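*Asks:* Show me how the following folds:
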Amino acid sequence: MGLVGARVGGVEITPFLNGLRSRALYFPLVFDETGQGRSSDGEFAVLNSLLPLDRGAVAFRRPGNRFVALAAVLREHGYATLSAHAFEKGFWNRGVVHPRYGFQRMLFRDEVGRGEVIGWGLADGVFFDRMVEPLARERQPFFAFLITLGLHHPFDLFPDRHKILDVGELRGTPLGNFIHAMHYLDASLASFMAALEGVGVLTNTVVALYGDHEAGLGPDPRLFALAGMAVGDPSALARLRRVPFFVLMPGGRLAGEVPVAGGHVDIAPTLLALLGVDAPRSFIGSPLAPGRSGFAVCNDGTTVGGDRIFVAPGRGVPAQGACFGFPGGDSRPLEECRELAVRGREALAASRFVVIHDLAPEIAGLRSP
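*Replies:* Purely as a prediction, here's the structure:
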């Protein structure tokens, strides 16, 4: 959960993103569908609209696959494609898989340059500053995929000089540092968007922002309190397994909240629909649109559909799983979620079969990149 809309000490944690909710399309019910591959799983699911594997990371287990990814689809429609990540190209095997996803040009640590480090890599504010010029000079139309690294578990390395908020009793805790990191990222995004607007990039550019996986903070009662959830609610962790997703259209042509449940796999179909480009048949996701009956399945089998959520066995949940209302979390008879759980298992199995057997190009009927 990205804490969008939350406050600490009466102060907004993410004022820029909070304001963006009225200027952009905001999807508050997008679920984290990653597995052991974490960030790389998030990239894979978002770009390929397929679910990750049950163990390991696609980036390492299946790097030679003939991926049919968002970058490749847009490249076929005349877009220049660029990925940027101010870290080593071997991290999550990006130097190998990104070209196979369809990226023509890649910028890693050596290309982006050195500077202030927060956590694992270049500070997000510095990274964004370095990306303004390349985007302003890029041939249009372009698809740029920018990967930040500062907002990352375990949050124990966030520097005191950027701790602006008064987090009270959370000072020095992982949750407190996460709040500081979110506030810093939010301010960095605000500066980045202002800079892009200043050089004219936003005039005809669609900007999408998403979280690649949940924060990994665990069942902290103080996190539940920030989210407005009851401590001890067995469905809370599952319902918190969401990531922020925003789409800012040029001139704010479309804006407002779209409270439809979905997952990482729905992001690429949503963007293609907004761009007027058909999604390949290998994509299992669907555009997130008002009136759609939402559906998402997490890597452990937890499945959201309509007004129900089936929660897979885990903390406070019995071996057969449990059924709850969604989004409220009221307990429901397990029988009310049986069909939903089956649908989730079938979606996971089908997607993993496609990945393991490298079937995406055949299903899509497209020339592999």
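
*Asks:* Which residues does the helix or strand of the chain with the lowest mean pLDDT contact?
*Replies:* Lowest mean confidence among the helices and strands of the chain (mean pLDDT, DSSP states H and E): helix 221-227, at a mean of 80. The contact list for helix 221-227 (C-beta atoms under 8 Å, 6 or more residues apart in numbering) reads 1, 3, 6, 8, 169-170, 173, 175, 217, 230-231, 233, 236, 240. Quick note: C-beta positions are derived from backbone N, CA and C, even for glycine.

*Asks:* Now do Phe27 against Leu237, distance only.
*Replies:* 20 Å (C-beta to C-beta, to the nearest Å).

*Asks:* And the two? Which one has more around it.
*Replies:* The residue with more neighbours, out of Phe27 and Leu237, is Phe27; 23 against 20, by other C-beta atoms under 10 Å.

*Asks:* From Arg242, how far out is that one?
*Replies:* Distance check for Phe27 against Arg242: by C-beta to C-beta, it reads 9 Å.

*Asks:* can you check Gly115 too?
*Replies:* 31 Å.

*Asks:* right, and Phe310 touches Val297 too?
*Replies:* No: between Phe310 and Val297 there is no contact under C-beta atoms under 8 Å: 9.1 Å.

*Asks:* between the two, who's got more neighbours?
*Replies:* Applying other C-beta under 10 Å to Phe310 and Val297 shows that Phe310 carries more neighbours, namely 31 against 27.

*Asks:* so where's the stretch 251-369 of the chain shaky on pLDDT?
*Replies:* Applying pLDDT under 70 to the stretch 251-369 of the chain flags the ranges 366-369.

*Asks:* coming back round to it: could you name every residue contacting both of Phe310 and Val297?
*Replies:* Taking C-beta under 8 Å, 6+ apart as the criterion, Phe310 and Val297 both touch 303-304, 344.

*Asks:* now, which of those residues sits nearest Met131?
*Replies:* Nearest to Met131 among those, counting by C-beta to C-beta, is Val304 at 33.9 Å.

*Asks:* So what sits opposite the closest one in the bridge?
*Replies:* With DSSP bridges as the criterion, Val304 is bridged to Ala296, Ile309.

*Asks:* In contact with it, which residues?
*Replies:* Per C-beta under 8 Å, 6+ apart, neighbours of Val304: 29, 31, 261, 294-297, 310, 326.

*Asks:* what's the burial count for Ala45?
*Replies:* Neighbour number of Ala45 under other C-beta under 10 Å is 30.

*Asks:* If the nearest residue to Arg114 once chain neighbours are set aside is in a bridge, with which residues?
*Replies:* Nearest-residue entry for Arg114: Leu122, 7.4 Å, with adjacent residues in sequence omitted and distances by C-beta to C-beta, 6 or more residues apart in numbering. Counting by DSSP bridges, Leu122 forms beta bridges with Val117.

*Asks:* Would you confirm that Leu122 contacts Met131?
*Replies:* No: with contact defined as C-beta under 8 Å, Leu122 does not reach Met131; the gap is 10.8 Å.

*Asks:* shared neighbours, those two?
*Replies:* In contact with both Leu122 and Met131: Val112, using C-beta under 8 Å, 6+ apart.

*Asks:* Who has more neighbours out of these two?
*Replies:* Leu122 (24 against 20).

*Asks:* Contact partners for that one?
*Replies:* 86-87, 109, 112, 114-116, 149-150.

*Asks:* Number of residues surrounding Cys329?
*Replies:* You called it Cys, but residue 329 is Gly. Applying other C-beta under 10 Å, we find 18 residues neighbouring Gly329.

*Asks:* Repeat that for the one 10 residues further on.
*Replies:* When neighbours are counted by other C-beta under 10 Å, Glu339 registers 13.

*Asks:* That one: what secondary structure?
*Replies:* helix (DSSP: H, G, I helix; E, B strand; the rest coil).

*Asks:* how far away is it from Phe192?
*Replies:* 44 Å.

*Asks:* what's the answer for Leu359, then?
*Replies:* 38 Å.

*Asks:* neighbour count winner among the two?
*Replies:* Phe192 (21 against 15).

*Asks:* in terms of contact, does the more buried one touch Arg130 like I think?
*Replies:* No: Phe192 is beyond contact range of Arg130, at 10.3 Å (criterion: C-beta under 8 Å).
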